[in-house]
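Student: fold the following, please.
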Amino acid sequence: MRRAGAPADRASSALVLLHGRGSSAADMLGLGEVLALPELALLAPDAPGRSWWPTSFLAPMSEMAPWLDRGLAAVRQCVDALQDEGFARNAISVVGFSQGGCLALEFAAREGAGLSAVFGLSAGLIGTGDAEAPPRDELYGFTPKRFDYAQRLDGLKLDMSVHERDPHIPLARFTQSAAEFQSLGAEVSQRVYPGAGHALMQSDVTALRLHLDTGGSGR
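Tutor: Got it, this is the predicted structure:
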């Protein structure tokens, strides 16, 4: 885990940042510094080999499960470490981009109750199992997933974004993910950018800063 931003004894809130494939914790901490919030503590884990998993997040769960378990454990470790330092759970937010965004959303669906907010940027849910259905073109040739989540997420701010034609994140999975979070009680915000792309957008940074500057503190 890498740290930046305000030290714990001078911070009012904390942000866990999850990088994408080919990136690193140090890269994501750069996003935290762009936010320029003096009372925000930053914590970011590194994925082994700069990748949380070696395949598409749409792949069968038999391929994803061991990698996903390791990734979820890394996020959990960060959240636990911040709580051990005195941050209330509702003072902690999580943001991820691409692979890190998918990991952030999956952590939210499974363990996100009580957090301040989760931002999944260029991302969608991974799921809890494989559905009994044939591959679908709108899922880039992969089979659908089950989304069997047990917890309620009432009060959790859930922010998602994607491009209409993202080469890695099907719009169909993005919209289904948003619907799943709404069914769990989360307060969902969505941004769908026109055209093709897979990038962190200025609107994403603005939304993240606005939340952290106005509603992200609960310490």
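
Student: next up, the contacts around residue 130.
Tutor: Residues in contact with residue 130 (C-beta atoms under 8 Å, 6 or more residues apart in numbering) are 60-62, 143-146. C-beta coordinates here come from the backbone N, C-alpha and C atoms, glycine included.

Student: again with residue 127
Tutor: 61, 145-147.

Student: same check on residue 138?
Tutor: 170-172.

Student: compare those and tell me which is most surrounded.
Tutor: residue 170 (22 neighbours; other C-beta atoms under 10 Å).

Student: that older thread, buried ones among the contacts of residue 130?
Tutor: By neighbour count, with 16 or more other C-beta atoms under 10 Å, the contacts of residue 130 hold 144-145 as buried.

Student: identify the farthest-apart pair in the contacts of residue 130.
Tutor: 62 and 144 (15.2 Å; C-beta to C-beta).

Student: check which helix or strand covers the residue of the chain most remote from its centre.
Tutor: Distance from the centre of the chain peaks at residue 134, with 27.6 Å (C-alpha atoms, centre = their mean). For residue 134, there is no helix or strand it lies in under DSSP states H and E.

Student: show me what counts as buried in stretch 79-94.
Tutor: So for stretch 79-94, counting by 16+ other C-beta under 10 Å, buried means 79, 81-82, 87, 90-94.

Student: what do you get for stretch 110-129?
Tutor: 110, 112-128.

Student: how long is that stretch end to end?
Tutor: 13 Å (C-alpha to C-alpha, to the nearest Å).

Student: kindly report the same for stretch 79-97.
Tutor: Start-to-end, stretch 79-97 (C-alpha to C-alpha) is 18 Å.

Student: and that stretch, what's its mean pLDDT?
Tutor: Stretch 79-97 carries an average pLDDT of 98.

Student: one step back: how about the buried residues of stretch 79-94, which pair is most distant?
Tutor: The widest separation within the buried residues of stretch 79-94 (C-beta to C-beta) is 16.4 Å, between 81 and 90.

Student: so which residue is smack in the middle of this protein?
Tutor: residue 104 (2.3 Å).

Student: list the beta-bridge partners for residue 5.
Tutor: residue 41 (DSSP bridges).
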